[in-house]
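J.: need coordinates for the following:
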Amino acid sequence: MTRHRATSLLLNVAHALDHMFLLVFATAIAAIAAAFGIARWEDLMPYGVGAFALFGLGSLPAGRLGDHWGRRRMMLVFFFGMGASMLLIALAQGPWQLAGAMTLMGAFSSIYHPVGIPMLVRESPRPGLTIGVNGLAGNLGVALAAITTGFLVKYGGWRAAFAVPALFALVCGVVFARIAPDESTPPARRAASQEALPTRLFAHIFAVVTVASITSGLLFNFTTNGNGELLRERLAGITTDPAVLGALLALVYVAGAFAQVAVGSLIDRIPLKTLYLAIVVCQVPLFALAAIAEGWALYALMVGFMIVVFGAIPFTDAMIVRYVDDRMRSRVSGMRLTVAFGVSSLAVWALGPLVKAGGFRTLLLAMAAIAAATSVAVALLPRTARRSRKVSVVELQQWPPAAD
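T.: Below you'll find the predicted structure:
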């Protein structure tokens, strides 16, 4: 039991590292540009694109290897690969070396979501809560990127901002190798823990999960990349102090992060479809009202819509746990993540032109429409609250099946 808890802790730490490492570059980019003699940091930004592209595209092969080769082995590759690639970034002598090392880091970062989360929830008695706590860890990694990178750049230079976390990842890899239980058999070769869904029903559920992942990803990218400027614009009559605005935004994200834990706990108690639909439906009026709000009213609405945006994140992983047997969860997660991350990354590209053309009012109304589309997709889910037990095909073929 002690080894199991320690392994779970390391898997949550890995989620924090995954999100943290991807954001170190963006946080330290001004210092890197100055060191490389590049006048504007914006000119250096394209060199980091490879990391984010591989973060999505690498999920597909990572998931397949997790099921067929072993999740424990893949997590060792994750820890040591992330550490080694971050050290290579710290040693880069120019932008193209930096781009190559960043792309390599992106490939290793793609391992965690399709491999680490299925490994974490496999023997969890409360998978919803487990996924919620894991989501909290990932969001704390986002906060750590800002805090630790700023400190390390100030006192050790930009290379230290990559090298110090790299050494921590390598230490985590050594500890994980010592304490994580061996896998006697890769997941794909184990006995089934759930009866296979009928092909047509599985395709239907996978389509809903993928659509919901795409729309949720779009909302996540639009909000996390645009909230800072939205606050700056709508709170201009109250404060323009960047430190105050940054603190206010941090409080928004903390509230959203802890919402994931609460939602994860509720997933274990309330039928998944009922809870998921209630959360995504709430997104629509919150975004619509925020489109016309100013000042503290806007801030209160931002807290509200980030709670339901972050609160919706655990559901796609929870649906995979509920409907997909453990033997193929990494592969299904990999397919879902490749499509979702690929499409939702367009939000980062579209954010600037959309706000420039129609302002934040247009952006927020567009997000309300995306939330409405998510609601329609979730409404098409079957109502079964299937867990890791054998369920008769007759029960699953009922349309919609009755909730447990």
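
J.: who are the packing partners of the lengthiest helix in the chain?
T.: Using DSSP state H, we find that the single longest helix of the chain is helix 199-234. In terms of contacts (3 or more C-beta pairs under 8 Å, 6 or more residues apart in numbering; DSSP states H and E), helix 199-234 is packed against helix 242-267, helix 295-311, helix 314-323, helix 329-344, helix 346-379. Where C-beta positions appear, they are placed from N, C-alpha and C, glycine not excepted.

J.: now the first one: average pLDDT?
T.: Yep, that's helix 242-267 we're talking about. Mean pLDDT, computed over helix 242-267, is 80.

J.: follow-up on the earlier one: quick check: which of the helices and strands packed on helix 199-234 is nearest to residue 133?
T.: Using C-beta to C-beta as the measure, helix 242-267 is the one of these that comes nearest residue 133, at 5.7 Å.

J.: what residues of that closest one count as buried?
T.: Residues 245, 248-249, 252-254, 256-261, 263-267 are the ones in helix 242-267 that count as buried (16 or more other C-beta atoms under 10 Å).

J.: give the next helix or strand downstream of that helix.
T.: As assigned by DSSP states H and E, the chain's next helix or strand after helix 242-267 is helix 272-290.

J.: domain ranges for the protein?
T.: The chain is divided into the following domains under automatic domain parsing: 2-182, 199-397.

J.: which residues of this structure score low on pLDDT?
T.: Scanning the chain with the threshold set as pLDDT under 70 gives 1, 42, 146, 191-197, 225, 242-243, 345, 347-349, 351-352, 383-404.

J.: apply 50 and report the result again.
T.: 385-404 (pLDDT under 50).

J.: any idea of the angle the longest helix of the chain forms with helix 295-311?
T.: 160 degrees (axes from the mean of the first three to the mean of the last three C-alpha atoms, to 10 degrees).

J.: tell me the secondary structure at residue 240.
T.: Under DSSP: H, G, I helix; E, B strand; the rest coil, residue 240 falls in the coil class.

J.: rewinding a little: reformat the domains of the chain as TSV; add distance to residue 190.
T.: Formatted as TSV, those follow (distance: least, C-beta to C-beta, whole Å):
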stretch	distance to residue 190
domain 2-182	10
domain 199-397	6
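
J.: so which of those domains gets nearest residue 188?
T.: Going by C-beta to C-beta, the one of those nearest residue 188 is domain 2-182, 4.3 Å.

J.: quick one: the closest one to chain centroid distance?
T.: Averaging C-alpha positions (C-alpha atoms, centre = their mean, to the nearest Å) puts domain 2-182 12 Å from its chain's average.
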